[in-house]
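**Q** give the three-dimensional model of this entry:
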Amino acid sequence: MSEKKFNGELEEFSYALGLSVSSNLIQSGVKTIDPSNFMLALEDIFTGKEPKLTPEQANKILQEFMEKQQGSQGKENLEEGLKFLAENREKEGVIETASGLQYTVLEEGDGEKPSPADQVKCHYHGTLIDGSVFDSSVQRGEPATFPVNGVIPGWVEALQMMTTGSKWRLFVPSDLAYGERGAGGAIGPNSTLIFEVELLEIV
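**A** Modelled structure (predicted):
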């Protein structure tokens, strides 16, 4: 990483603010912008110039652009997910349920199976089909505790089939995950998700 030399606190603060805003935009699903016009809007506001759009116009443009981007991304994600699942179900050891959930048993436990009313403690590692990690209790080093019926449908189904002590790999179609809405910037609309789930205990 190259080290930038700043001339004073304001320059340093401004650059840090740019990093923070950019990171938040990416997390909210904005993948690319036109930096020159982004900077022009900042300049207009901070120098007191008349903005080229009213707040109402700006909000309408933002909403329409994001909906269009999300729709295009959602279609692409859905097609890629369906292709992945079609190929994956042919692999040895992969089981597919009536709902479309796919899983492989990595380790078989010998404990009880949880009910929808139970709380469970699990370790998990979640990725997109391209391998990108979006959430992982394993990486945090701290298992998660939650109600069986308080998670995505693919998990609700799988947890009730797992015996305590088991470790499964789940392949969750988008309609059993976060569907068209996705989840923040990391999980786009209609994304197929992969989880390694270890059911540690019923609590």
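**Q** tell me the pLDDT of Lys68.
**A** As predicted, Lys68 sits at a pLDDT of 73.
**Q** number of residues surrounding it?
**A** 10 (other CB atoms under 10 Å). C-betas here are computed from N, CA, C, even on glycine.
**Q** need the phi and psi values for Ile202.
**A** Backbone torsions for Ile202, taken as degrees, to the nearest 10, come to phi -90, psi 130.
**Q** tell me what it is bridged to.
**A** Beta bridges link Ile202 to Val120 when assigned by DSSP bridges.
**Q** who's in contact with it?
**A** Counting by CB atoms under 8 Å, 6 or more residues apart in numbering, Ile202 touches Gly111, Glu112, Pro114, Asp118, Gln119, Val120, Lys121, Thr164.
**Q** quick one, longest helix in the chain?
**A** helix 55-88 (DSSP state H).
**Q** residue ranges for the helices of this protein, please.
**A** For the chain, the helices defined by DSSP H occupy 9-27, 35-46, 55-88, 137-140, 153-161.
**Q** so what touches the shortest one?
**A** By CB under 8 Å, 6+ apart, the surrounding residues in contact with helix 137-140 are Cys122, His123, Tyr124, His125, Val133, Pro143, Ala144, Glu196.
**Q** which of those are buried? Put it as a ChimeraX command.
**A** Of these, the buried ones go into a single ChimeraX selection, burial set by 16 or more other CB atoms under 10 Å:
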select :122,123,124,125,196
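**Q** and the contacts of helix 137-140, which of them are in strands?
**A** Cys122, His123, Tyr124, His125, Val133, Ala144, Glu196 (DSSP state E).
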